[in-house]
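Student: predicted model follows, preceded by the sequence.
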Amino acid sequence: MLQQSQFSLEDCYAHWLKAALQDRDEQNLRPTARDPYLQEVVETAMEKWLYPCSSLLDIGCGDGLSTLRFAKGVRQAVGVDFVPRYVEKAKAHQAQAGVANADFLKGNVLDLSPIRQRFGTFDRVTTIRCLINLNSWDNQARGLREIAACVKPGGYYLTSEGWRGGLARSEPPPGQGDFSAHPGRRIQLDDFPGRLRSRSAPIF
Ligand SMILES: C[S@@+](CC[C@H](N)C(=O)[O-])C[C@H]1O[C@@H](n2cnc3c(N)ncnc32)[C@H](O)[C@@H]1O
């Protein structure tokens with residue numbers, strides 16, 4: 001039997017509400033991506049699978065910097081985050097960068113139906129450390145079903161979720177916010193039929 005993690009979804013939301021109050025932490029790192037080198041590796045690896053594509057949805061986009069990077073070469077990029085302040089930060093970064101083909105709005109990976117109603121489905125859907133914020137396998141599976149419903153047939157879902165070393169202080173709460181809370185459980189994309197193909201890049 002899998003153990004329910006100790007933190008609640010409300011704890012998690014409170015964590016990110018507070019984190020969003022600052023652009024940089026006391027070590028001058030972005031609270032949403034405290035390891036800049038790892039972030040670069042992840043974004044570079046994802047980019048190889050992004051293009052060419054027409055539409056991209058980045059879920060749990062935080063301050064939007066990855067979404068804006070991914071928007072290059074995509075007709076339309078959409079970033080969603082459940083913390084309104086992150087949506088505002090992402091819009092501010094967008095204005096600063098002068099990127100025209102991105103939209104940022106509030107959205108929760110546990111219910112992406114408003115996003116689908118507005119934008120339809122996407123060629124590429126990405127999450128970088130978003131599902132790790134969901135506190136049980138049931139919620140992670142629910143998130144994956146929502147994501148699967150957002151991917152166009154033949155499209156890709158690209159994700160990087162499962163690390164904790166070095167980032168323990170940034171994830172809510174330390175040491176529990178990742179898939180390792182569920183030893184032995186592996187994501188079977190075949191559990192999400194019709195939309196997701198069981199294919200992964202070796203780097204992930
Ligand atoms: C570790 S940060 C990563 C941010 C961004 N993906 C990046 O790589 O810079 C996790 C982000 O996921 C958001 N998040 C957590 N749970 C979420 C949920 N249920 N739905 C949407 N966003 C969520 C948080 O607000 C936070 O911005």
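Tutor: Thanks, I have it.
Student: could you verify my assumption that residue 7 touches residue 136?
Tutor: No. With contact defined as CB atoms under 8 Å, residue 7 does not reach residue 136; the gap is 10.1 Å. Where you see a C-beta, it was placed from the backbone N, CA and C, and this is true even at glycine.
Student: got a pLDDT number for the residue nearest the centre of the chain?
Tutor: Geometric centre of the chain, nearest residue: residue 127, 2.7 Å, by CA atoms, centre = their mean. Residue 127 is assigned 97 on the pLDDT scale.
Student: that's a helix at it, yeah?
Tutor: No. Counting by DSSP: H, G, I helix; E, B strand; the rest coil, residue 127 falls outside a helix, being strand.
Student: low-confidence stretches in this protein?
Tutor: 1-5, 162-204 (pLDDT under 70).
Student: longest strand in it, please.
Tutor: Secondary structure of the chain per DSSP state E: the longest strand is strand 151-160.
Student: buried ones in that strand?
Tutor: By 16 or more other CB atoms under 10 Å, the buried positions in strand 151-160 come out as 151, 152, 155, 156, 157, 158, 159, 160.
Student: please apply the same query to stretch 128-144.
Tutor: For stretch 128-144, a neighbour-count test (16+ other CB under 10 Å) marks 128-135, 137, 139-141, 143-144 as buried.
Student: stretch 66-85 now?
Tutor: 66-71, 74, 76-83.
Student: give me every residue in this protein lying close to the ligand.
Tutor: 12, 16, 32-33, 59-62, 66, 81-83, 86, 108-110, 128-130, 133 (CB under 6 Å from any ligand atom).
Student: now do the contacts for the residue nearest to the centre of the chain.
Tutor: 58, 59, 60, 109, 147, 157, 158, 159, 160, 161 (CB atoms under 8 Å, 6 or more residues apart in numbering).
Student: which one among those gets closest to the ligand?
Tutor: Distance to the ligand, by CB to the nearest ligand atom, is smallest for residue 60 among those, at 3.0 Å.
Student: tell me which helix or strand the closest residue to residue 63 other than its chain neighbours sits in.
Tutor: The shortest distance from residue 63 to any non-neighbouring residue, by CB to CB, 6 or more residues apart in numbering, is to residue 89 (4.5 Å). Residue 89 is part of helix 84-97, with elements assigned from DSSP states H and E.
Student: elements contacting that helix?
Tutor: For helix 84-97, the elements it packs on are helix 65-71, strand 74-81, strand 102-106, judged by 3 or more CB pairs under 8 Å, 6 or more residues apart in numbering; DSSP states H and E.
Student: same list (the ones you listed) but as a markdown table, adding distance to residue 95.
Tutor: Below are the helices and strands packed on helix 84-97 laid out as a markdown table (distance: least, CB to CB, whole Å):
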| stretch | distance to residue 95 |
| --- | --- |
| helix 65-71 | 11 |
| strand 74-81 | 14 |
| strand 102-106 | 10 |
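Student: was I right about residue 130 contacting residue 161?
Tutor: Yes. With contacts defined as CB under 8 Å, residue 130 counts as touching residue 161 at a distance of 7.3 Å.
Student: quick one: classify residue 28 as helix, strand or coil.
Tutor: coil.
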